[in-house]
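J.: would you be able to build a 3D model of this:
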Amino acid sequence: MSSEHAVNTDTGAGPDKVRLGPVNALYPSLTTLVGAVVDGRPNFLAVAHVGIMNHGTPQYVSVGLNKAHHTPRGITAHGEFSICLPGRDLVEKTDYAGLVSGRRTDKSRLFDVFFGDLAHAPLIRECPVCMECRLARVLDFETHDVFVGEIVQTHADRDVLDAGGAIDVRAVDPLLFDMASRTYWALGEPAGKCWSAGKAMKERLEP
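T.: Take a look at the predicted model:
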């Protein structure tokens, strides 16, 4: 094993913990297709470095993009972008969109593109969920920029909505990206209900 990938097993936290160095262990993360209009043409980039900034109104989301990519030019120029959620059936096209550059390839031909409320946030009809975002701010890092956008409108296929009109993640069947295994994953069975799974413990420990 090379020194670059050597593992330090002396953790100080017991024999079951291994030091991996500064490894980002937050994967798997949601795979998205980020869209922007660049040089007058819709362009899409496969992005798994996305974040939820808050829960409320307005709602903000973030995407981290390498400065060398083509898509940031369009986001900066127009102050608008989209985040589309591909399902498992789009794994081939999604991966392809991350392999080729919009500088040389017209990736808009991959999809049925439409527009909603924003003129420069191209959306993908084949994606079960799409969000239009207005650029709120940019965080400038050495190698990449983090674009924070305000969600202006969300579009969803009728067949991925539950009886109450909320998005059913199981029906979306989203792609999950894992850096360690270099693999796309899908959802398994639900593990528990949020704000419910821990209620019995709360009652036992905090009567």
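
J.: measure stretch 63-75 end to end?
T.: 11 Å (CA to CA, to the nearest Å).

J.: flag every buried residue along it.
T.: Using 16 or more other CB atoms under 10 Å as the test for burial, stretch 63-75 gives 63-65, 69-75. C-beta here means a position set from N, CA and C on the backbone, and glycine is covered the same way.

J.: ok, residues contacting it?
T.: Residues from elsewhere that reach stretch 63-75, judged by CB atoms under 8 Å, 6 or more residues apart in numbering: 32, 34-39, 43-45, 47, 49-51, 81, 83, 101-103, 120, 135, 143-147, 149.

J.: go again using 6 Å as the cut-off
T.: For stretch 63-75, the external contacting residues (CB atoms under 6 Å, 6 or more residues apart in numbering) are 34, 36-38, 43, 45, 47, 49-50, 81, 101-103, 144-147.

J.: try stretch 85-96
T.: By CB under 6 Å, 6+ apart, stretch 85-96 touches 32-33, 46, 110, 127-129, 173-175, 184, 186.

J.: what's the answer for stretch 131-151, then?
T.: Outside stretch 131-151, the residues within contact range by CB under 6 Å, 6+ apart are 58-67, 72, 75, 79-83, 116-118, 121, 152-154.

J.: returning to what we had before: among the contacts of stretch 63-75, name the ones in strands.
T.: Within the contacts of stretch 63-75, residues falling in strands by DSSP state E are 34, 36-38, 43, 45, 47, 50, 81, 144-147.

J.: sticking with Gly188, tell me its helix or strand.
T.: Here Gly188 sits in a region with no helix or strand, counting by DSSP states H and E.
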